[in-house]
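Trainee: sequence unknown, structure follows:
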Ligand code: ADP
Ligand code: 5GP
């Protein structure tokens, strides 16, 4: 990438509703020099964006402009909307010695790994599909139709766990956070 990485770059993927946002937010709060990249998306904002997670919400034209100007490290389509990782923020943070977490889907994770081989990929898996359904319902941010589409997509994403450096099963939340923090602190 023509830039010296002093911090670690982590990709966190996993099915929608598995707890990625919750785990990343809690890990960032515990660690020094670790930040969560804020993605851009065309998806409309939820009434209440949960888990402290938020995006830069863009119009399709604004998104096109970022793509055309090579402003994204990667982008992918999810649920009919484009999502992408702003390049400059991530590269500057890494060069400054910060660890950066990208909470992105499996396709995006592959694109980042292809460009930056040092990337550490972490997959967050649910204990089972019932737990995932329950969490999506409890979060209450998607319609029943959207929930079913996300479950369907989750089945496809679960097949990619073998490509990941680490798989964390998010059953007990505190245990999952501890495992993730340990990976950031110890992996190099
Ligand atoms: P994601 O970012 O993967 O879509 P969230 O972090 O929004 O998922 O979590 C989805 C829901 O599941 C939230 O309501 C969250 O509080 C809940 N949750 C997260 N981890 C656990 C866990 N280990 N056990 C039970 N509920 C959990
Ligand atoms: P949600 O709509 O639930 O916030 O996110 C839907 C999916 O898009 C999740 O799997 C999330 O990880 C992924 N996602 C969020 N930001 C990005 C991004 O910048 N790039 C890619 N490729 N996926 C993203």
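Mentor: Nice, thanks for sending it over. Please read these numbers as outputs of a predicted model, since none were measured by experiment. Numbering: from 1, shown residues only. Ligands and ions are numbered 1, 2, ... in the order given.
Trainee: next, the closest residue to residue 164 other than its chain neighbours: secondary structure please.
Mentor: Setting aside the residues directly before and after it, residue 164 is nearest to residue 123 in space (CB to CB, 6 or more residues apart in numbering), at 4.0 Å. C-beta: built from backbone N, CA, C; applies to glycine. Look at residue 123: counting by DSSP: H, G, I helix; E, B strand; the rest coil, its state is strand.
Trainee: just residue 90 next, same as before
Mentor: Reducing the assignment to helix, strand or coil with three-state DSSP, the entry for residue 90 is helix.
Trainee: I figured residue 85 hits residue 105, correct?
Mentor: No - with the criterion set as CB atoms under 8 Å, residue 85 and residue 105 do not qualify as a contacting pair; they are 10.9 Å apart.
Trainee: more neighbours: which of these two?
Mentor: In this comparison of residue 85 against residue 105, neighbours counted by other CB atoms under 10 Å, the higher total goes to residue 85 at 24 against 21.
Trainee: give the contact list for the residue of the chain found nearest ligand 2.
Mentor: Using CB to the nearest ligand atom, residue 108 is the residue of the chain that sits closest to ligand 2, at 2.3 Å. Residues in contact with residue 108, defined by CB atoms under 8 Å, 6 or more residues apart in numbering, are 11, 13, 74-76, 83-85, 102.
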